[in-house]
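[1] pasting the sequence and the predicted model now:
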Amino acid sequence: MSVICKATNVSKSFRPDFYKKPVQVLKSVNFQINQGRFVGFIGPNGAGKTTTIKCMMQFIFPDHGEISFFDQTDFIEAKRKIGFLPERPYFQEFLSGVEFLKLHWNLCGLKAADFQNRAEEVLEQVKLTHAKHKKLRDYSKGMLQRIGIAQALLARPEFLILDEPMSGLDPDGRILIKDILKSFKEKKLTVLMSSHLLEDVEELCEDLIILHKGETLFYGAITEFKQNFSSLEAAYKAFKGQIEEVNHNA
């Protein structure tokens, strides 16, 4: 099985103020994501999930350690195979859905002649064909999330990174997004999904990465993590209790 992404001893610190000491956000992040796996990325607020994703996308750079994709460290080449939806995507509200996709198509440097067919394909995938000429300012929260996923799919990525794709959605929106994500799983697209919703992670994901205070505490199959528990939530509660007990006795 091919390795799509690997993080090795990744650490990152930020200086909150010129006169203050740096705060270490990531201490030792290690994980491996294999081809065709749907991976849940969880941990409490402040654990370092978004910082890790920013390092993966090279929006920021680790102080130490390495993140590689497709068994190579050349991110310029690798990024052509990666689709990304941030937790708080920016949408140019004056554009229509299809114009928004065209903007990202051009930013990717893809062939203009191929755009129309590909746009129709991704709009169909996210159930937005009916709203392709509608302005983004008139999209609901769920529709915006779906057009965000559509742009992440445009270049036919081999690896999809989704940061909280169902955050703030109403029940109908969650159902639609979840159905789209299930279709990715059926197609064996490699996906990393950051989420606070354990029930969604358990339903959708095969593997799990758990961060706590900037360190990887677990990565592997969800079945392995929850083998002695009835649900992922029950396993996570017990796991968290063990961590707090260790920290208390330290």
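    Right, received. Where do you want to start?
[2] can you get me a residue count around residue 218?
    Other residues within reach of residue 218, judged by other Cβ atoms under 10 Å, total 18. Backbone N, C-alpha and C define where each C-beta goes, glycine included.
[3] where does the most centrally placed residue in the chain land in three-state SS?
    The centre of the chain sits closest to residue 162, judged by Cα atoms, centre = their mean, with a distance of 2.6 Å. For residue 162, the assignment made with DSSP: H, G, I helix; E, B strand; the rest coil gives strand.
[4] kindly report the same for residue 44.
    Secondary structure, three-state DSSP: residue 44 is coil.
[5] I'd say it and residue 212 touch.
    Yes: here residue 44 reaches residue 212: they are 6.9 Å apart, a contact under Cβ atoms under 8 Å.
[6] more neighbours, the two?
    When residue 44 and residue 212 are compared for neighbours, residue 212 comes out ahead with 19 against 13, by other Cβ under 10 Å.
[7] contacting residues around the more buried one?
    Residues near residue 212 by Cβ atoms under 8 Å, 6 or more residues apart in numbering: 43-44, 47, 243.
[8] next, it: phi, psi?
    Per-residue torsions, residue 212: phi -150, psi 120 (degrees, to the nearest 10).
[9] how about the strands in this protein?
    Under the criterion DSSP state E, strands of the chain are mapped to 3-14, 23-34, 38-42, 64-69, 82-85, 159-163, 190-194, 207-212, 215-221.
[10] the shortest one: partners in the sheet, and parallel or antiparallel?
    Sheet partners assigned to strand 82-85 using DSSP bridges are listed as strand 159-163 (parallel).
[11] distance from the chain centre to the strand it pairs with, please.
    Here the centre of strand 159-163 is set off from its chain's centre by 4 Å, with Cα atoms, centre = their mean, to the nearest Å.
[12] same thing with stretch 238-245?
    Averaged over its C-alpha atoms, stretch 238-245 has a centre that lies 26 Å from its chain's centre (Cα atoms, centre = their mean).
[13] and that stretch, what's buried?
    Going by neighbour count (16 or more other Cβ atoms under 10 Å), the buried part of stretch 238-245 is residue 239.
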